[in-house]
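J.: Pasted the sequence and its predicted model underneath.
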There are 2 protein chains.
Amino acid sequence: MKHKIVQCVPNFSEGIDKDKIEKIIEPLKNKKGFKLISYEADQNYNRTVVTLIGDPYMMIEPLLDFFKVARDLIDMNHQKGEHPRMGAVDVVPFIPIENIDIEECIDLSKLLGQKIYETLDIPVFLYAKSAQSDDRIDLPNIRRGEFEGMSSKIKESLWKPDFGKNEIHKTFGVVAVGARLPLIAYNIDLDTDDIKITKNLAKAIRQSSGGFQYIQAGPAFLDDKNHTQVTMNILDYKKNPIYRIYETICMEANRYGIKIKSSEIVGLVPRDAIFRSLQYYLDKDKIEYKKDMSLQEIVNFGIKYLGLREFDKYKIIEAHIEDAL
Amino acid sequence: MKHKIVQCVPNFSEGIDKDKIEKIIEPLKNKKGFKLISYEADQNYNRTVVTLIGDPYMMIEPLLDFFKVARDLIDMNHQKGEHPRMGAVDVVPFIPIENIDIEECIDLSKLLGQKIYETLDIPVFLYAKSAQSDDRIDLPNIRRGEFEGMSSKIKESLWKPDFGKNEIHKTFGVVAVGARLPLIAYNIDLDTDDIKITKNLAKAIRQSSGGFQYIQAGPAFLDDKNHTQVTMNILDYKKNPIYRIYETICMEANRYGIKIKSSEIVGLVPRDAIFRSLQYYLDKDKIEYKKDMSLQEIVNFGIKYLGLREFDKYKIIEAHIEDAL
């Protein structure tokens, strides 16, 4: 039987008090069926980003326990930080990785949302692919006004929560739960320090300038390395595969006599996103391959064809769960 | 002084009666400042497409005369054809070609629209870039219901015309006038007869499948030539230049061991659209060039770099006006 794998990335509104942070994530540690990959606290943001990977159905009860501790330990009336927020747990996205589609992740987010309301009396907004109306797709739109503005905003008919009464939880606030596709943070390094040219290259590929539909991109200069990169988010790697972006940048850069030095994945990437792009090169080079090639083979080909730097199998989501299941 | 050049493409609802057609286009022949490039009648459509190129301000009075003859000779109550239509003259787009921007073309369409109403009592809808509301951007949306449905549709508050009363002209109907960017009909020939692969290539570039924002594309099989092509419309050649599409198809086709045979422009193309793409190749090959290279040089480079077939300077809009001004 194939395991259903999701990535789940709860964000909660405490990034300073280490003792509190440990207590809040405690219910997510050492559980069967999924793995706590990381929890990254940001002091300026006063916010912690948690990454879970594994069977989403095994996550539901531990997530509710996690919500309960966050509710008990965080009082939003006294929480301050640079990052906008509307709840003690601010947002929980489910991201399909393997053997599960976005529709099932939408259903999951609704299941969790309903339980959050029923067991903890916290109002829940469904967002992203789970949104029930267009104005709830983008999280910042729901969050506008933040915790402080939410007690009146939630009384407007437009902002009735998807689960719960039109009244915030007095210390927790409200939370957004939803499903979204994996977002890949990907950068292409160029052998130039010319930021203007790099911007032109970014414009060739990004949606906002007429480029590919699911690409956000801009130029960046790396001080420590003394070259530029096109830095981007790939919002749908099936429709805008990495190789297509890589090759388009390569083609456009040709015009300026500029070459790609290397490229990098920031954070984690689903196996399928890399494999899909390797297939292009393997097909082109008439190299035979198996669909179930090992993660190490994928890493080796990724370095060869996409010049991925600082890339090892632990950049691939699936590496973290090989032994968790 | 640089001449302002537009392309103007009035469509009128007579494609069968040659005598009528000649009378209707008579006011557009041999006029100072612009040139009647072609008028193509389609019997099945019962519709004629006229192409004018030149100084738009010199076109206004002759266009009004043309409208007047069309009004006198075409009775829409007895007009039938396969092409949807709502007026004796159905639509008039202004397209910026040289030394004029889209904003000025929008102003021009408003000027013409107002005069059509004032002198001929024909209701006018502004469409495309001239549209005053989102539901008037797409012509089919305005035209829905056609001539027969327009006498009641025009009485709805949503469909009050931009110029004129909420009553159709009894024999003429109504007309849409607007400004749009040049649309380039461009096809890339492939050395394969595999329509499925060709469809995959089209999907890589077209907006509707996640590709470039201003590209509509699909696969086609050419019976007489026994190969396929990716057939497309480029809706904004500045944001999605031809070379970028050509090179992306070339890159994607590599995967299947397929090569580009040639490519073709259907209809006319602005000089700037070809020149812009040649600049890519000339820059890449470090070949020096002048911005004012001759049309023949542009043709030669276009054949060399983009494999344009059946391409000569009369495919370029500007060739038709070199001697008209």
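T.: That came through fine.
J.: Could you tell me whether A:N141 really is in a helix?
T.: Yes - under DSSP: H, G, I helix; E, B strand; the rest coil, A:N141 sits within a helix.
J.: For the stretch 1-150 of chain A, just list every one of the strands.
T.: Ranges of strands within the stretch 1-150 of chain A are A:5-8, A:11-12, A:34-42, A:47-54, A:89-98, A:124-128, based on DSSP state E, counting those that start in this stretch.
J.: avg pLDDT for the shortest one?
T.: By that I understand strand A:11-12. For strand A:11-12, mean pLDDT is 98.
J.: mind listing what that strand pairs with, with the direction of each?
T.: Partner strands for strand A:11-12, per DSSP bridges, with pairing direction: strand A:47-54 (antiparallel), strand A:89-98 (antiparallel).
J.: Please identify which of the strands of the stretch 1-150 of chain A is closest to B:N254.
T.: Smallest distance to B:N254 across the strands of the stretch 1-150 of chain A (Cβ to Cβ): 29.0 Å, for strand A:89-98. C-beta here means a position set from N, CA and C on the backbone, and glycine is covered the same way.
J.: starting at the chain centroid, how far to the closest one?
T.: 7 Å (Cα atoms, centre = their mean, to the nearest Å).
J.: Also stretch A:182-200?
T.: Using Cα atoms, centre = their mean, the offset of stretch A:182-200 from its chain centre is 20 Å.
J.: circling back: possible to save the strands of the stretch 1-150 of chain A as a markdown table with mean neighbour count?
T.: Shown next, in a markdown table, are the strands of the stretch 1-150 of chain A (neighbours: other Cβ atoms under 10 Å in any protein chain shown):
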| stretch | mean neighbour count |
| --- | --- |
| strand A:5-8 | 25 |
| strand A:11-12 | 25 |
| strand A:34-42 | 18 |
| strand A:47-54 | 23 |
| strand A:89-98 | 25 |
| strand A:124-128 | 25 |
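J.: Report the contact partners of the spatially most central residue of chain A.
T.: The residue lying closest to the centre of chain A (Cα atoms, centre = their mean) is A:L183, at 5.3 Å. If you count contacts by Cβ atoms under 8 Å, 6 or more residues apart in numbering or on different chains, A:L183 has them with A:233-235.
J.: Just to be sure, which of the residues you listed are found in helices?
T.: Among the contacts of A:L183, no member falls in helices (DSSP state H).
J.: which one of the strands paired with strand A:11-12 lies closest to B:V175?
T.: strand A:89-98 (50.4 Å).
J.: Give me the buried positions along stretch A:163-181.
T.: A:163-164, A:168-169, A:171-181 (16 or more other Cβ atoms under 10 Å in any protein chain shown).
J.: what secondary structure does the residue of chain A positioned farthest from its centre sit in?
T.: Centroid-distance maximum for chain A: A:G257 at 34.6 Å, with Cα atoms, centre = their mean. At A:G257 the chain is in coil, as set by three-state DSSP.
J.: A:E167 now?
T.: coil.
J.: who touches stretch A:64-73?
T.: Contacts for stretch A:64-73 (Cβ under 8 Å, 6+ apart): A:10, A:12, A:14, A:20, A:23-28, A:88-89, A:112, A:115-116, A:119-120, A:122, A:169, A:171-172, A:175.
J.: And stretch A:234-243, by the same measure?
T.: A:181-184, A:186, A:212-216, A:245, A:270, A:272-274, A:276-278, A:280-281, A:305-306, B:209-210.
J.: now the end-to-end length of that stretch.
T.: 12 Å (Cα to Cα, to the nearest Å).
J.: what does stretch A:77-90 give?
T.: 14 Å.
J.: what mean pLDDT does that stretch have?
T.: So the average pLDDT for stretch A:77-90 ends up being 95.
J.: quick one: buried residues of that stretch?
T.: Buried, per 16+ other Cβ under 10 Å, within stretch A:77-90: A:79, A:81, A:85-90.
J.: so what's A:I154 closest to, chain neighbours aside?
T.: Nearest residue to A:I154 in three dimensions, chain neighbours excluded: A:N166, at 5.1 Å (Cβ to Cβ, 6 or more residues apart in numbering or on different chains).
J.: Thought A:K160 was touching the one you found, still the case?
T.: Yes - with contact defined as Cβ atoms under 8 Å, A:N166 counts as touching A:K160 (5.4 Å).
J.: Show me the common contact partners of these two, please.
T.: The contact sets of A:N166 and A:K160 overlap at A:I154 (Cβ under 8 Å, 6+ apart).
J.: Local confidence estimate at the residue lying closest to A:L222 once chain neighbours are set aside?
T.: Leaving aside its sequence neighbours, A:L222 sits nearest to A:Q229 (Cβ to Cβ, 6+ apart; 6.3 Å). We have a pLDDT of 96 for A:Q229.
J.: what about A:Q229, how many residues close to it?
T.: Neighbour count for A:Q229, taken as other Cβ atoms under 10 Å in any protein chain shown: 25.
J.: Any idea what it is bridged to?
T.: On the basis of DSSP bridges, A:Q229 is bridged to A:D189, A:A220.
J.: separation between it and A:Q207?
T.: Going from A:Q229 to A:Q207 by Cβ to Cβ, to the nearest Å gives 19 Å.
J.: Looks to me like A:S262 is in a helix.
T.: No - using three-state DSSP, the assignment for A:S262 is strand, not a helix.
J.: Closest one to chain B out of the buried residues of stretch A:163-181, please.
T.: Using Cβ to the nearest Cβ, A:L181 comes nearest to chain B of the buried residues of stretch A:163-181, at 11.8 Å.
J.: Wait, the closest one touches A:F94, no?
T.: No - contact between A:L181 and A:F94 fails when scored by Cβ under 8 Å: they sit 10.6 Å apart.
J.: Would you write a PyMOL line that selects the buried entries of the contacts of A:L183?
T.: The following PyMOL line selects those of the contacts of A:L183 that are buried, judged by 16+ other Cβ under 10 Å:
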select buried, chain A and resi 234+235
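J.: want to try JSON lines for the contacts of A:L183, with pLDDT as columns?
T.: Listed next are these as JSON lines, based on pLDDT from 0 to 100:
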{"residue": "A:N233", "pLDDT": "94"}
{"residue": "A:I234", "pLDDT": "97"}
{"residue": "A:L235", "pLDDT": "94"}
